[in-house]
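*Asks:* Could you look at this predicted model? Sequence included:
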Amino acid sequence: MGREKSMLKRTRIAQVLSSGEIGSRFTVMGWVRTRRDSKAGFSFIELNDGSCLSGLQIIADAELSNYHSEVVKLQTGCSIRAAGILAASPGKGQKVELKADEIAVFGWADPETYPLQKKRHSFEFLRTIAHLRPRTNTFGAVARVRNAMAWAIHNFFQKRGFIYLHTPIISGSDCEGAGEMFKVTAFDLGHIPQRAGEVDFSKDFFAGPANLTVSGQLEAEIYALSMGDVYTFGPTFRAENSNTSRHLAEFWMVEPEMAFCDLEGNVALAIEFLKEIFSHILQNCREDMRFFERFIDDSVIKTLEALVSQDFEILSYTEAVKILIKADQKFEFPVEWGIDLQSEHERYLCEKVFKRPVVLTDYPKAIKAFYMKLNEDQKTVRAMDVLVPRVGEIVGGSQREDDHDRLYARIQEMGLNPADYWWYLELRKFGSVPHSGFGLGFERLIQFVTGLANIRDVIPFPRTPGNLTF
Ligand code: 4AD
Ligand code: MG
């Protein structure tokens, strides 16, 4: 049967509402949020199909053949098809309503056991029902904003001629050199082959140790040094045992990598990129953003609007440390030159000192990865982090070391084995060029945009220490 004739042909509620076509006939399908029965002998059904925050009000008249047998039994969570004529609504709260001449039930939801009954549930509780939470207003709005942001990210790079690159998820190298990797193996864990008291990886699937990638950067550099400007956008994995509101074991990262680009160009691109994403969300996700403003954080829209027009503050790590040492606030982690900044320090700079996003550059080499370009002072590297109020670091990047011998020395200095990075080193032997890139934590950006306090609530299925529901 063709789709034209199918009983499953429908119009999305977002389209019905924006069409404003009073008098037209529509078929909609979705999940009942509420049903109210009027004394006058008909019912109001609020239907949501995920296409927008608003539901469609459906008027179900007692004349419907299944009114008494089915319609008055509809409860929150039931799925239905409703067809009828769109009319102007006399009631408060909605402009239009659908006067149904037909309602069919797809699936019932027993109110005794369907968990989404009360209007408001705690986010902690909703995390335990990740299979149902996208049916709530908050998680529906997060899913739509997340989708719009992903689109805006691709659009930003595609417009500028960047090539979208798929870097591997299974990796043989440690990009960050921090060793916080999940291992990938096909060994029977009860019988791991050993040789001279150590695991014999030569017998494993890849004939050597393999991990889930912590970043696509090293592979992106390969393509930048042949295609010019590239970007990756994919899942990344970190086995760090960080049980915070900003860390996931599986998160999505956007990583542009540009040939013929120095730190200044890198910083400029990151700022332009963030501003464009923010203005896209302000323009295209108004209804969802108003929802976040009303129920999650009343400053989200104002903050984004300010960012689009404001300059970001750009200063060096060394200058930032001077400010932090003089701060009138007591920090849990005391500040001195050389420390890795904590989120309390990052937030102090953004929220108290500059009241805007801050880009810090030129960090001490000891606290940054081996691949960052060494400055002439031999102490700092051409690194940059973008810090935002509330969340702290959302972007980390750098100009890359493009001198073979200096990179070799840095790899050794950091206790890594140059042999593991032979191909990465070769890129510095054959046609090396200045190049730079950064990584944006997609979930941290969504946290910032939506105002949601916990990173577990901006990814559909969060993976954190001790948590893997399904
Ligand atoms: O600062 P990071 O570790 O940088 C890199 O991985 C570089 N290779 C990026 C590059 O230059 N191409 O991570 C980049 C960003 C961080 O700023 C943060 O926003 C996010 O990734 N991030 C996390 N997000 C959620 N959970 C975690 N555990 C994260 N670790 C990093
Ligand atoms: Mg970082």
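*Replies:* Structure received. Numbering: from 1, shown residues only. Ligands and ions are numbered 1, 2, ... in the order given.

*Asks:* what residues are up against residue 294?
*Replies:* Shown in contact with residue 294 (C-beta atoms under 8 Å, 6 or more residues apart in numbering): no residues. For glycine as for every other residue, the C-beta is placed from the backbone atoms N, C-alpha and C.

*Asks:* Next: residue 368.
*Replies:* 381, 383, 398 are the contacts of residue 368 under C-beta under 8 Å, 6+ apart.

*Asks:* quick one: which of the residues you listed has the most company?
*Replies:* In terms of neighbours by other C-beta atoms under 10 Å, these top out with residue 381 at 29 neighbours.

*Asks:* can you pull up the bridge partners for it?
*Replies:* Beta bridges link residue 381 to residue 363, residue 374, judged by DSSP bridges.

*Asks:* Find me the pLDDT at it, would you?
*Replies:* As predicted, residue 381 sits at a pLDDT of 98.

*Asks:* likewise the one 4 residues further on?
*Replies:* At residue 385 the predicted local distance difference test score is 97.

*Asks:* chain center to the helix or strand where it lies: distance?
*Replies:* If you go by DSSP states H and E, residue 385 is part of strand 380-388. Once both centres are worked out by C-alpha atoms, centre = their mean, to the nearest Å, strand 380-388 turns out to sit 21 Å from its chain's centre.

*Asks:* Contact residues of the stretch 51-200 of the chain facing ligand 1?
*Replies:* 175-176 (C-beta under 6 Å from any ligand atom).

*Asks:* Please, where are all the helices along the stretch 51-200 of the chain?
*Replies:* For the stretch 51-200 of the chain, the helices defined by DSSP state H, counting those that start in this stretch cover 123-127, 137-159.

*Asks:* Mean pLDDT and distance to residue 366 for these - can I get that in CSV?
*Replies:* Putting the helices of the stretch 51-200 of the chain into CSV (pLDDT from 0 to 100; distance: least, C-beta to C-beta, whole Å) gives the following:
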stretch, mean pLDDT, distance to residue 366
helix 123-127, 95, 37
helix 137-159, 98, 32
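
*Asks:* Of those, which stretch is the most buried?
*Replies:* Highest mean neighbour count of those: helix 137-159, a mean of 18 (counted as mean count of other C-beta atoms under 10 Å).

*Asks:* what comes into contact with that one?
*Replies:* Here helix 137-159 makes contact (C-beta under 8 Å, 6+ apart) with 48, 50, 52-53, 123, 126, 133-134, 164, 229, 231, 233, 254, 256, 273, 276-277, 280-281, 284-285, 288-289, 291-292, 295-296, 442, 445-446, 449-450, 452, 457-458, 460.

*Asks:* and what of stretch 121-128?
*Replies:* With C-beta under 8 Å, 6+ apart, stretch 121-128 has contacts from 115, 133, 136, 138-139, 454, 456-457, 462, 469.

*Asks:* try 7 Å
*Replies:* If you take C-beta atoms under 7 Å, 6 or more residues apart in numbering as the criterion, stretch 121-128 is touched by 133, 136, 454, 456-457.

*Asks:* For that stretch, what is the distance to the chain centroid?
*Replies:* 19 Å.

*Asks:* May I have that stretch exported as CSV, CA atoms only?
*Replies:* Below are the C-alpha coordinates for stretch 121-128, written out as CSV (Å, rounded to 0.1, in the frame of the first residue of the first chain):
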residue,chain,number,x,y,z
HIS,A,121,9.5,14.9,38.4
SER,A,122,13.0,15.3,39.7
PHE,A,123,15.8,15.0,37.1
GLU,A,124,17.3,12.3,39.3
PHE,A,125,14.2,10.2,39.0
LEU,A,126,13.9,10.8,35.3
ARG,A,127,17.4,9.6,34.7
THR,A,128,16.3,6.2,36.0
